[in-house]
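A.B. asks: Sequence and predicted model, in that order:
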Amino acid sequence: MNQLSQLPKHKQDELTEIVEIICEITNPAKVILFGSHATGKWVEDEYIDKGTTYTYISDYDILVVLCDKEKGEEVEIASKIDNRTGKFKNEVSAIVHSISYINSGLERGQYFFSDIVKEGITLYDSGEYTFVESKPLTNEQLKQLAIEDFNKWVKSGSRFLKATKLLYEEFQADKLPLNEVVFILNQTAEKFYGGVLLVYTGYKPKTHRIRAYRKYAKHISQDLYNVFRYPRTDSEENRLFKILNNAYIDARYKDDYFIDPDDLKKLISRVDKLEDVVTRLCEERVSQL
């Protein structure tokens, strides 16, 4: 594994604090930093394009390994970590799994976890558990898996998007509430994000939050991240993105739920762009394998 000393002092201090927060929330078996901060390729960039300011700052990607007795609490623990680490300039993108789940993935050749074990930086280790040896996959196997994931998730997302557009017109003509349409659009976006993550990493997180998917997929491409212009200073962008992110629950269960047709039309346009970017990225990935 890489060493934490390659990072600037202030980042080392922040990661120490993040580990302390995680240890207050749960009793982890291991905490591992992975991704761009582990490999020394992090980015902190701000630029203006057509009058819009874009900020791209690499996250702290962290794998929290739980003891098996905490299996089943992954979502709750990840949510608590997210809630308590919002103050950092670099967002904390925590993935939480039990040691048995990760070892099972390693035994199957799950290269997302094997790359973390190989390239990550251990921030905390209880010393009670070890990772099993990873089963290596051939390039041909990786390519076949990527094609299968693209067909299962991205192509399905394209069918969902087509259905969303048809339903939008139908519901508007019949003056029906658009709850079901925005829910299907939410599922469409989840399929696109989940698909591109699987094609690039072989991993799809256990979540229905579009915000989480966008954050997990951030390292793949700035174009992908910027489909939704979600800078913290832009209230209109925040409002639109939150509508899509919250639709998984709100559009189904809130009796007074309402979405303006113009807002939904804007979101459909964004997911249209998401489809284009995801399709291009997946085709590039498959061609490189």
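C.D. replies: Here it is on my side, so go on.

A.B. asks: Buried residues in the longest helix along the chain, which are they?
C.D. replies: Criterion DSSP state H: the longest helix present in the chain is helix 261-288. Within helix 261-288, the residues scored as buried using 16 or more other C-beta atoms under 10 Å are 263-264, 267-268, 270-271, 274-275, 277-279, 281-282, 285-286. Bear in mind the C-beta positions are built from the backbone N, C-alpha and C, glycine included.

A.B. asks: which element is the closest residue to residue 59 other than its chain neighbours on?
C.D. replies: Once flanking residues are discounted, residue 59 sits nearest to residue 93: 4.1 Å by C-beta to C-beta, 6 or more residues apart in numbering. Secondary structure from DSSP states H and E places residue 93 in strand 92-98.

A.B. asks: helices or strands next to the following helix or strand past that strand in the packing?
C.D. replies: Beyond strand 92-98 on the C-terminal side, the first helix or strand identified by DSSP H and E is helix 99-107. Packing partners of helix 99-107 (3 or more C-beta pairs under 8 Å, 6 or more residues apart in numbering; DSSP states H and E): strand 60-66, helix 111-119.

A.B. asks: can you put the ones you listed in TSV and add mean neighbour count and distance to residue 128?
C.D. replies: Converted to TSV, those look like this (neighbours: other C-beta atoms under 10 Å; distance: least, C-beta to C-beta, whole Å):
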stretch	mean neighbour count	distance to residue 128
strand 60-66	25	10
helix 111-119	20	17
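
A.B. asks: in this structure, what spans have low per-residue confidence?
C.D. replies: 1-2, 47, 49-54, 230-234 (pLDDT under 70).

A.B. asks: Make CSV from the helices and strands packed on helix 99-107 and add distance to residue 82 to it.
C.D. replies: Output for the helices and strands packed on helix 99-107, formatted as CSV (distance: least, C-beta to C-beta, whole Å):
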stretch, distance to residue 82
strand 60-66, 11
helix 111-119, 19
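
A.B. asks: right, so of those, which gets closest to residue 173?
C.D. replies: Residue 173 lies closest to helix 111-119 among the helices and strands packed on helix 99-107, at 44.5 Å (C-beta to C-beta).

A.B. asks: Phi, psi for the residue of the chain positioned farthest from its centre please.
C.D. replies: For the chain, the largest distance from the centre (C-alpha atoms, centre = their mean) belongs to residue 174, which lies 36.1 Å off. Main-chain torsions, residue 174, degrees, to the nearest 10: phi -90, psi 0.

A.B. asks: about what we covered before: which other helices and strands contact the longest helix of the chain?
C.D. replies: Other helices and strands packing on helix 261-288, by 3+ C-beta pairs under 8 Å, 6+ apart, are helix 139-149, helix 155-173, helix 179-201, helix 222-225, helix 235-253.

A.B. asks: how near is residue 227 to residue 279?
C.D. replies: Distance of residue 227 to residue 279, computed by C-beta to C-beta, to the nearest Å: 12 Å.

A.B. asks: which residues touch stretch 269-284?
C.D. replies: The contact list for stretch 269-284 (C-beta atoms under 8 Å, 6 or more residues apart in numbering) reads 146, 150, 154, 157-158, 161, 164, 185, 188-189, 192-193, 195-196, 199-200, 220-221, 223-224, 227-228, 240, 244.

A.B. asks: pull the CA atoms of that stretch into CSV?
C.D. replies: Presented in CSV, the C-alpha positions along stretch 269-284 are these (Å, rounded to 0.1, in the frame of the first residue of the first chain):
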residue,chain,number,x,y,z
SER,A,269,-32.7,17.5,-20.5
ARG,A,270,-30.0,17.0,-18.0
VAL,A,271,-30.5,13.2,-17.9
ASP,A,272,-30.4,13.3,-21.7
LYS,A,273,-26.9,14.7,-21.4
LEU,A,274,-26.1,12.2,-18.7
GLU,A,275,-27.0,9.4,-21.2
ASP,A,276,-24.7,10.8,-23.8
VAL,A,277,-21.7,11.2,-21.5
VAL,A,278,-22.2,7.8,-19.9
THR,A,279,-22.6,6.0,-23.2
ARG,A,280,-19.4,7.6,-24.6
LEU,A,281,-17.4,6.8,-21.5
CYS,A,282,-18.6,3.2,-21.4
GLU,A,283,-17.7,2.7,-25.1
GLU,A,284,-14.3,4.2,-24.5
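
A.B. asks: about what we covered before: give me the number of neighbouring residues for the residue nearest to residue 59.
C.D. replies: Using other C-beta atoms under 10 Å, residue 93 has 23 other residues around it.
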